[in-house]
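**Student:** what's the 3D shape of this:
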Amino acid sequence: MKEIVKTPQYEIAIDETKNRVYLKVLGYWRNPESVANYISDWRKTLALLKPNFTLLTDLTTMLTHPAEVLGIHKQAQELLTENGLRHTAEVAPKDFVTAFQLSKVAKSSQMPVRQFPTFAEAEAFLDTLI
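**Tutor:** Numbers count the residues shown, from 1 in each chain. This next block holds a predicted model:
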């Protein structure tokens with residue numbers, strides 16, 4: 001596993017052998033300024049991946065974000081989809097409102113996604129796509 005970026009709001013790492021990205025969204029993102037480098041960090045990450053990469057997202061500690069921050073999530077999802085994302089497996093947030101919020105964003109960005117209750121199930125699903 002190769003760490004790409006680690007901030008108080010998110011962590012991104014890749015497994016080059018699986019052509020997989022691991023995203024961990026942490027806590028509450030107050031405003032777009034608090035994650036000013038999020039999109040540029042994704043661009044840096046995408047340069048290290050091949051087409052048909054997969055994404056495992058850990059949302060277990062994420063809290064509901066303000067509407068203006070949701071636009072950043074949508075922008076990132078569209079960027080990933082346009083650059084060869086095959087599928088996303090999300091380990092769902094504990095908070096129902098947050099899960100609903102993210103479901104709406106994924107639908108609007110047309111990102112292929114499936115939610116799982118555990119990391120093992122999410123990883124196993126993505127491994128079937130290799």
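**Student:** contact partners of the biggest helix by length in the chain?
**Tutor:** When the chain is parsed with DSSP state H, its longest helix is helix 67-82. Residues outside helix 67-82 that contact it (C-beta atoms under 8 Å, 6 or more residues apart in numbering) are 29-32, 35, 38-39, 42-43, 46, 55, 65, 88, 101-102, 105-106, 108-112. Where you see a C-beta, it was placed from the backbone N, CA and C, and this is true even at glycine.
**Student:** quick one, helices of this protein?
**Tutor:** Secondary structure of the chain, counting by DSSP H: helices at 38-46, 67-82, 96-109, 119-127.
**Student:** Distance to Leu59, mean neighbour count and mean pLDDT for those helices - can I get that in TSV?
**Tutor:** Output for the helices of the chain, formatted as TSV (distance: least, C-beta to C-beta, whole Å; neighbours: other C-beta atoms under 10 Å; pLDDT from 0 to 100):
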stretch	distance to Leu59	mean neighbour count	mean pLDDT
helix 38-46	15	17	98
helix 67-82	11	16	95
helix 96-109	7	15	81
helix 119-127	11	15	98
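**Student:** Output these as a markdown table; include the columns distance to Ile12.
**Tutor:** Formatted as a markdown table, the helices of the chain follow (distance: least, C-beta to C-beta, whole Å):
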| stretch | distance to Ile12 |
| --- | --- |
| helix 38-46 | 5 |
| helix 67-82 | 10 |
| helix 96-109 | 17 |
| helix 119-127 | 16 |
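**Student:** Which among the ones you listed is found nearest to Tyr10?
**Tutor:** Comparison of these against Tyr10 by C-beta to C-beta identifies helix 38-46 as nearest, at 6.8 Å.
**Student:** Mind giving me the packing neighbours of the closest one?
**Tutor:** Applying 3 or more C-beta pairs under 8 Å, 6 or more residues apart in numbering; DSSP states H and E, we find helix 38-46 packed against strand 2-6, strand 10-15, helix 67-82.
**Student:** Find the residue closest to Leu49 in space, skipping its chain neighbours.
**Tutor:** Nearest residue to Leu49, sequence neighbours excluded (C-beta to C-beta, 6 or more residues apart in numbering): Asn19, at 6.1 Å.
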